[in-house]
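> Next comes the sequence, and after it the predicted model I'd like to discuss.
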2 protein chains.
Amino acid sequence: MTYGCIASMKTRPGFREEVVSLLLSAADGLRDAGCELYVVGLSEDDETTIWVTEVWRTREDHDASLELPAAKDAIGRAMPMLTGEFTKQEMSVAGGLGL
Amino acid sequence: MTYGCIASMKTRPGFREEVVSLLLSAADGLRDAGCELYVVGLSEDDETTIWVTEVWRTREDHDASLELPAAKDAIGRAMPMLTGEFTKQEMSVAGGLGL
């Protein structure tokens, strides 16, 4: 089964849209890196939480992607806008629609 | 923006595969009901948690889908295998890859 993860992060007040733009700009090279799915969503519970669901061919592809220059650049630019509160759920993806 | 939700549920020990099969069998009719994405994953943290990420054209489409006969049937069959522990995160989907 493919590897998936569901992550959340919190931004400093007023920076959510900018972080979302950064996350989406980094999506361009993901397919070549082994990413099958990448969904960026804004929590409706508050004004600062972002949820990201990802599906990758393998966990190794996911881990390696974090070392890509574009990813490192996006992470470096996003970090100052984040509070440091993260959650992460890892999963084996069984299937669904749109994969 | 489209509507998304990330939900988790816990099964009674030994029933996770069966509930996953039920969830996947219900996926067939989802696209016609307005679903753009539906990912079913098994948590790697334990043997009983299931994570479901969904993206829908609208929240109303999502809510209406729960009233479809196939969905009601799947829910009815899954319920006895679940512990009743659920989480649900709603979000506005900004974009990504594979949508």
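Good, I have the coordinates.

> Okay, helices next: where are they in chain A?
A:16-25, A:59-65, A:69-78 (DSSP state H).

> In TSV, list these along with distance to chain B and mean neighbour count.
Placement of C-beta: from N, CA and C, glycine included. Output for the helices of chain A, formatted as TSV (distance: least, Cβ to the nearest Cβ, whole Å; neighbours: other Cβ atoms under 10 Å in any protein chain shown):
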stretch	distance to chain B	mean neighbour count
helix A:16-25	5	17
helix A:59-65	9	15
helix A:69-78	13	14
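
> Can you flag the weakest of these by average pLDDT?
Lowest mean pLDDT within the helices of chain A: helix A:69-78, at a mean of 90.

> Can you tell me what sits against that one?
In this structure, residues lying in contact with helix A:69-78 by Cβ atoms under 8 Å, 6 or more residues apart in numbering or on different chains are A:19, A:22-23, A:25-26, A:28-29, A:65-66.

> if you set the cut-off to 7 Å instead, what comes out?
With contact meaning Cβ atoms under 7 Å, 6 or more residues apart in numbering or on different chains, helix A:69-78 is reached by A:19, A:22-23, A:25-26, A:29, A:65.

> that older thread, including distance to residue B:86, could the helices of chain A go into TSV?
What follows is these, written out as TSV (distance: least, Cβ to Cβ, whole Å):
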stretch	distance to residue B:86
helix A:16-25	26
helix A:59-65	26
helix A:69-78	31
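
> Tell me which of these approaches residue B:47 most closely.
Of all these, helix A:59-65 sits nearest to residue B:47, with 18.5 Å by Cβ to Cβ.

> Now do that closest one: which elements does it pack against?
strand A:2-11 (3 or more Cβ pairs under 7 Å, 6 or more residues apart in numbering or on different chains; DSSP states H and E).

> what's the strand it packs on packed up against?
Contact here means 3+ Cβ pairs under 7 Å, 6+ apart; on that basis strand A:2-11 packs against strand A:49-56, helix A:59-65, strand A:82-97.

> Pull the number of nearby residues for residue A:44.
15 (other Cβ atoms under 10 Å in any protein chain shown).

> what are the phi and psi values for it?
phi -90, psi 0 (degrees, to the nearest 10).

> quick one: contacts for it?
With contacts defined as Cβ under 7 Å, 6+ apart, residue A:44 is in contact with B:90-92.

> Please read off the pLDDT at it from the model.
For residue A:44, the pLDDT comes out at 94.

> Over to residue A:68?
Turning to residue A:68, the model gives it a pLDDT of 88.

> so it makes contact with residue A:35?
No. In this structure residue A:68 lies outside contact range of residue A:35 using Cβ atoms under 7 Å: 10.9 Å.
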